[in-house]
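Enquirer: Sequence and predicted structure are below.
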Amino acid sequence: MIYYKSSEEIDIIRESAEILSRAHAEVAKLIAPGVTTQSLDRVAEEYIKDHGGVPSFKGYNGFPGSLCISVNEQVVHGIPGTTTLTEGDIVTIDCGVFYKGFHSDAAYTYPVGEVTEEVKKLLKVTKESLYLGIENAKSGNRIGDIGFAIQRYVEDSGFSVVRELVGHGIGKTLHESPEVPNYGKRGRGTKLKSGLILAIEPMVNMGTRNVIQESDGWTIRTRDHKPSAHFEHTVAVMNGTPEILTTHKYIEEVFNI
Ligand code: MG
Ligand code: MG
């Protein structure tokens, strides 16, 4: 069942997304060698609650954090804890906000201090692939057009797309139909219509696309231990240009980029 949102409902998701985007920036200010992942989690949770929201992830199927924090070879669903960030790491912060009955969801992968040129390229390509996917999230297109655009760009850049985890519809629940794979064939899958809200979220590996789950029952990491990056936005399908409801601009202001 796909739920199309009214313009009033999209207005609420826009508000949810604003709190989320600003919560991300609060976390961004603290990304540095020596910081523990649980301290980042606390800051996000406090910001979200102070602004009338609820962290979407906390308690979701029993997940203990407000953030998923995934370092280096960890792809997604890392649990905040006593892990300390180290110079040269990359760290993915994934966060969701539930506000006035609606969820929003966004992720960003940061370099911690100086990283290698190959890692910089991984971050750049993953972020750019997100926007190429988003460009295709317009009415009349199909789900496969999004995944096709992401996959082609990522693979042409020499990296690989994770298949086991996908983007999703979002609204009154965090994960709704349809699934939004980051791979696919042009012209295939569900037809996109105005009012569909999607979380588009390429997960890109430097090495092979294979992933495994760690023994904590949550964390997904690359099988070959090479790094992985993840960028995500919540997007409204419109007639014509899609509207990106979350924004990375507050994060990028922190870093002057
Ligand atoms: Mg997310
Ligand atoms: Mg998501």
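Expert: Nice, I can see it. Ligands and ions are numbered 1, 2, ... in the order given.
Enquirer: List of residues touching the helix or strand containing residue 119?
Expert: Per DSSP states H and E, residue 119 falls inside helix 117-135. Outside of helix 117-135, the residues within contact range by C-beta atoms under 8 Å, 6 or more residues apart in numbering are 90, 109, 111, 115, 146-147, 149-150, 153-154, 157, 159, 182, 200-204, 206, 227, 229-233, 235, 242, 244. C-beta here means a position set from N, CA and C on the backbone, and glycine is covered the same way.
Enquirer: Counting only helices, which of those make the cut?
Expert: 146, 147, 149, 150, 153, 154 (DSSP state H).
Enquirer: Could you export those residues as TSV, including neighbour count and pLDDT?
Expert: Below are these laid out as TSV (neighbours: other C-beta atoms under 10 Å; pLDDT from 0 to 100):
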residue	neighbour count	pLDDT
146	31	98
147	28	98
149	23	98
150	31	99
153	21	98
154	26	99
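Enquirer: The residue in the stretch 1-150 of the chain that ligand 2 sits nearest to: neighbour count?
Expert: In the stretch 1-150 of the chain, no residue comes nearer to ligand 2 than residue 105, which is 4.1 Å away by C-beta to the ion. By other C-beta atoms under 10 Å, 28 other residues sit near residue 105.
Enquirer: So which bits of this structure are right by ligand 2?
Expert: 105, 199, 201 (C-beta under 5 Å from the ion).
Enquirer: The one residue in the stretch 151-257 of the chain that gets nearest to ligand 2 bridge partners, please.
Expert: Proximity of the stretch 151-257 of the chain to ligand 2 (C-beta to the ion) peaks at residue 199, 3.9 Å away. The bridge-partner assignment for residue 199, based on DSSP bridges, gives residue 168, residue 234.
Enquirer: Now do the same for it: its pLDDT.
Expert: Residue 199 carries a pLDDT score of 99 in this model.
Enquirer: And the one 5 residues further on, by the same measure?
Expert: According to the per-residue confidence, residue 204 scores 99 in pLDDT.
Enquirer: Please name the nearest non-neighbouring residue to it.
Expert: residue 126 (4.2 Å; C-beta to C-beta, 6 or more residues apart in numbering).
Enquirer: and residue 95, what is it in contact with?
Expert: 20, 23-24, 27, 44, 48, 55-57, 66-68, 105-107 are the contacts of residue 95 under C-beta under 8 Å, 6+ apart.
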